[in-house]
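Trainee: need coordinates for the following:
(one chain, ligands or ions: 1)
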Amino acid sequence: MKADWRAELQTRLTASTVRRDAPLKKAVTLRIGGPAEALVDLESEGDLAALFEFVGERALPVHMLGKGSNVLVPDAGLRGAVLRLGKAFRHLQADAAQGTATASAGLTNAAFVEQCRLSGLGGMEYLVAIPGSIGGAIAMNAGAHDGETAAFLEAVRFFDPQRGVCQALAKDFAFAYRHSTLCGNEGRFVLAGTFRLRPMADREIRARRQRYQQWRREHQPRDFPNCGSVFKNPPGHFAAKLIDEAGLKGHRIGDAQISEKHANFIVNRRDATAAQVLALVDLARETVYRRIGVTLELEMQVLPLGS
Ligand SMILES: Cc1cc2nc3c(=O)[nH]c(=O)nc-3n(C[C@H](O)[C@H](O)[C@H](O)COP(=O)(O)OP(=O)(O)OC[C@H]3O[C@@H](n4cnc5c(N)ncnc54)[C@H](O)[C@@H]3O)c2cc1C
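Mentor: Here you go, the predicted model:
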């Protein structure tokens, strides 16, 4: 009998674990989606290279997951390997004298901000209310209030399946509004980022952090699972306002609903499916386009099933 490729993959990895047919619902903030054929919790760069050698031999797809706070997983799940960065990728090294902090990509944004505060460095407090990882913040060029990740990023360490582990300056990559060329879907896997911060008084960091958290509590839905903004703001417009003016706030398809609090959020009221979320996406797009001729572009990343 032919051996299961996932068992074979496990034998090639020294520190990382491979789980077969692993449910992904709990790995993403929307709590929607089918299982991963193989969910790999990665614990070393050596294992990452071994994994790519393995999937290359078998032409299997690879999907990168951060904290799953801006993704939609298909109901049928994901074929191939879904990668997550494990504990080995959650470090921060701050250099207060130089004003820099180097964070591994698996560190959460909140832990990054807190550890920078302990070193007397501030500037990226906008990240506290963005529930992702540093890798996801670089990949998506996450931003809010007065900050955007690319503005602070100086250098990156990433994995390129053709070249292995690489170091480069941030200016070698393209960053745009909620987009970068340092993303899993561009074939680049972020391992760490070095950020330029500034010395900041503890009370100022705390005050900034609190202000952003308060703003979130007041303006964004907290009662149901969601993945943040579904659409990018089109130039000169706010997606939430356009969807609201199209009369879709609160509109529901099954258990997926355009949030009653913020029309650019889709919430999972209980057992929503990816198909229901995508039906709401289509409805919002078509209705807004018909009304005022503006095309809504997705911010949420719809992970491909993998063929
Ligand atoms: C309540 C809520 C509020 C939010 N508010 C904001 C906001 O104000 N501003 C904002 O910008 N976003 C916001 N988001 C969206 C989301 O938190 C950000 O996009 C975040 O940066 C995604 O990080 P993640 O680790 O969860 O990545 P994931 O959602 O897991 O992945 C997102 C994309 O990044 C890729 N990726 C993840 N890690 C890596 C890596 N190490 N290397 C290469 N590619 C990688 C994935 O393949 C995927 O394409 C919000 C989300 C929620 C749920």
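Trainee: SS state for the nearest residue to D255 once chain neighbours are set aside?
Mentor: By the measure of Cβ to Cβ, 6 or more residues apart in numbering, the closest residue to D255 outside its immediate chain neighbours is A272, 3.9 Å from it. For glycine as for every other residue, the C-beta is placed from the backbone atoms N, C-alpha and C. Recorded secondary structure, A272: coil (DSSP: H, G, I helix; E, B strand; the rest coil).
Trainee: let me know the next secondary structure element after the helix or strand of the chain with the lowest mean pLDDT.
Mentor: For the chain, counting by mean pLDDT, DSSP states H and E, strand 147-148 ranks last in confidence among helices and strands (a mean of 90). Following the chain from strand 147-148 toward its C-terminal end, the next helix or strand by DSSP states H and E is strand 153-160.
Trainee: got the buried residues for that next one?
Mentor: Neighbour counts using 16 or more other Cβ atoms under 10 Å place L153, A155, V156, R157, F158, F159 of strand 153-160 among the buried residues.
Trainee: and if you look at stretch 28-40?
Mentor: Of all the residues in stretch 28-40, those buried under the rule 16+ other Cβ under 10 Å are 28-40.
Trainee: picking up where we left off before, pull up the pairing partners for the least confident helix or strand of the chain, direction included.
Mentor: The pairing partners recorded for strand 147-148 under DSSP bridges are strand 143-144 (antiparallel).
Trainee: does the ligand have contacts with the partner strand?
Mentor: Yes - contact of strand 143-144 with the ligand is found when judged by Cβ under 6 Å from any ligand atom, involving G143, A144.
Trainee: next one: that strand to chain centre, how far?
Mentor: Going by Cα atoms, centre = their mean, to the nearest Å, the spacing between the C-alpha centre of strand 143-144 and its chain's C-alpha centre is 13 Å.
Trainee: which residues does the least confident helix or strand of the chain contact?
Mentor: Under the criterion Cβ atoms under 8 Å, 6 or more residues apart in numbering, residues G123, M124, E125, Y126, L127, N141, A142 lie in contact with strand 147-148.
Trainee: can you rerun that using 7 Å?
Mentor: Where contact means Cβ atoms under 7 Å, 6 or more residues apart in numbering, the residues beyond strand 147-148 that reach it are M124, Y126, N141.
Trainee: most neighbours of all the residues you listed, which one?
Mentor: Using other Cβ atoms under 10 Å as the neighbour definition, these reach their maximum at M124, which records 27 neighbours.
Trainee: ok, it - contacts?
Mentor: V113, G147, F152, F195, L197.
Trainee: what about burial for the residues you listed, which qualify?
Mentor: Buried members of the contacts of M124, scored by 16+ other Cβ under 10 Å, are V113, G147, F152, F195, L197.
Trainee: now the last one. Nearest residue, chain neighbours left out?
Mentor: Closest residue in space to L197, ignoring its immediate chain neighbours: L121 at 4.0 Å, by Cβ to Cβ, 6+ apart.
Trainee: same question for the fourth one.
Mentor: The shortest distance from F195 to any residue that is not its chain neighbour, by Cβ to Cβ, 6+ apart, is 4.5 Å, and that residue is F152.
Trainee: now the residue nearest to R12 when sequence neighbours are not counted: which helix or strand?
Mentor: What sits nearest to R12 in space, not counting adjacent residues and going by Cβ to Cβ, 6+ apart, is A50, at 4.9 Å. Using DSSP H and E, the secondary-structure element containing A50 is helix 45-58.
Trainee: which neighbouring elements make contact with the next helix or strand after that helix?
Mentor: Sequence order places strand 62-64 as the next helix or strand after helix 45-58, per DSSP H and E. The helices and strands touching strand 62-64, judged by 3 or more Cβ pairs under 7 Å, 6 or more residues apart in numbering; DSSP states H and E, are strand 78-85.
Trainee: now what about the next helix or strand after the strand it packs on, what contacts it?
Mentor: Sequence-wise, the next helix or strand downstream of strand 78-85 (DSSP H and E) is strand 92-95. Applying Cβ under 7 Å, 6+ apart, the contact partners of strand 92-95 are A101, T102, A103, L107, F112, Q115, C116, S119, L121.
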